[in-house]
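In: Dropping a prediction and its sequence here:
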Amino acid sequence: MGEDMAAENHARRTDDTEVRATQQFREDLGSMIRARATDLTIDERDAVEALPSGAALLVVRRGPNLGARFLLDQDVTVAGRHPAVDIFLDDVTVSRKHAEFHRRGTQFSVVDLGSLNGTFCDGTRIDGEVPLVDGAEVQVGKFRFTFFGSRFDLESAA
């Protein structure tokens, strides 16, 4: 009977260990996914951390100008290929006035301006105004940006 009790205790400890290992794996995997989605350089991370309330940052993650950063600190910011726009994207896949980024208080959104190749948010072509959330991917032509809101605004929204 003592051997049965010892075997049962060993099985219970093994089950507990497996449950803890599974929970730890889930937490680690979640951290890895979040880190991969926002795998920023130290300079980029510092820039995001320094954003004042009511501002946001677009970081080029793929395409021309990889790593370039664009500050969104106006109520309307225009992105396109025309030299007079706020965010100049020099590539034939970008229309002259391709997209607008809107700020309302601490909330941001993106609108396609009838561009030939469209504007995409998280892989979906947008039609009309689409709200932006922290970590959203915005594609304008060959440029793929990750949107980062001010950490102050994220904390107050939580």
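Out: Looks like it arrived, so ask away.

In: Mind checking which residue lies nearest the centre of the chain?
Out: G135 (1.4 Å; CA atoms, centre = their mean).

In: you'd agree that one is up against G149?
Out: No. Contact criterion CB atoms under 8 Å: G135 and G149 do not qualify, at 9.1 Å. The way it works is simple: take the backbone N, C-alpha and C, and place the C-beta from them, glycine included.

In: who are the neighbours in contact with G141?
Out: Going by CB atoms under 8 Å, 6 or more residues apart in numbering, G141 touches G63, L89, D91, V92, T93, V94, S95, H98, N117.

In: go on, G149?
Out: Counting by CB under 8 Å, 6+ apart, G149 makes contact with L51, A56, T106, F108, L132, V133, D134.

In: so what's the second one closest to, chain neighbours aside?
Out: Once flanking residues are discounted, A56 sits nearest to L72: 4.2 Å by CB to CB, 6 or more residues apart in numbering.

In: Now that neighbour, what are its backbone angles?
Out: Dihedral angles of L72 (phi, psi; degrees, to the nearest 10) stand at phi -100, psi 100.

In: what separates it from D86, distance-wise?
Out: As for L72, its distance to D86 is 9 Å (criterion: CB to CB, to the nearest Å).

In: swap in G128?
Out: 21 Å.

In: what about those two, which has more around it?
Out: With neighbours defined as other CB atoms under 10 Å, G128 and D86 compare such that D86 has more, 15 against 7.

In: Put together JSON lines for the contacts of G149, with secondary structure on each row.
Out: Shown next, in JSON lines, are the contacts of G149 (DSSP: H, G, I helix; E, B strand; the rest coil):
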{"residue": "L51", "secondary structure": "coil"}
{"residue": "A56", "secondary structure": "strand"}
{"residue": "T106", "secondary structure": "coil"}
{"residue": "F108", "secondary structure": "strand"}
{"residue": "L132", "secondary structure": "strand"}
{"residue": "V133", "secondary structure": "coil"}
{"residue": "D134", "secondary structure": "coil"}
